[in-house]
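Q: Can you look at this prediction? I've put the sequence above it.
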Amino acid sequence: QVQLVESGGGLVQTGGSLSLSCAASGGTFSRYTMGWFRQAPGKEREFVAAINWSSGRTYYTNSVKGRFTVSRDNAKNTVSLQMDSLKPEDTAVYFCAAGGLTSTDPKAYNSWGQGTQVTVSS
């Protein structure tokens, strides 16, 4: 079973930056796609970005393209989400997830972290 622990959330002003990190353990990560999702109060969990651990290929939802960057560090078994030019609508709890398929559907991911709060003030 893969264990995931996120860190790096916080409060930032509009236009600012935050970097989230996801430490992974307990699996063979070359088999996985690592996803980042977010969930705002009263809303469904939505796909943000993903990276195929083996190929390094990345995927983004349209609203974060050009502002967010997902990357992985094979040596440290970590996945990061660099978030720049943040907007109030980016405010949410952000989750790291691991799955065997590359998908924007949360159901495709079977391991989840506990989440970290990101708040962007206007």
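A: Perfect, thanks for sending it. Note that the structure is predicted; figures quoted are calculated from it, not measured. Numbering: from 1, shown residues only.

Q: what helix or strand does the residue nearest to the spatial centre of the chain sit in?
A: Nearest to the mean C-alpha position of the chain, counting by CA atoms, centre = their mean, stands Trp36 at 2.4 Å. Using DSSP states H and E, Trp36 maps to strand 33-39.

Q: Tell me the strands beside that strand, with direction?
A: Strand 33-39 sits in its sheet next to strand 46-52 (antiparallel), strand 92-99 (antiparallel), going by DSSP bridges.

Q: from what I can see the residue nearest to the centre of the chain touches Ala98, true?
A: No - Trp36 lies out of contact with Ala98 (CB atoms under 8 Å); the separation is 11.1 Å. In short, each C-beta sits where N, CA and C put it, glycine included.

Q: On the strand side of things, show who Gly10 bridges to.
A: On the basis of DSSP bridges, Gly10 is bridged to Val118.

Q: Please shift the residue numbers so they start at 158 in all later answers.
A: Understood, numbering begins at 158; the last thing we discussed is Gly167.

Q: For Asn231, see how far away it is.
A: 26 Å (CB to CB, to the nearest Å).

Q: Can you give me the pLDDT of Thr259?
A: Looking at Thr259, its pLDDT reads 87.

Q: Identify the residues contacting it.
A: Shown in contact with Thr259 (CB atoms under 8 Å, 6 or more residues apart in numbering): 190, 207, 209, 214, 216.

Q: Perfect, I'm done here.
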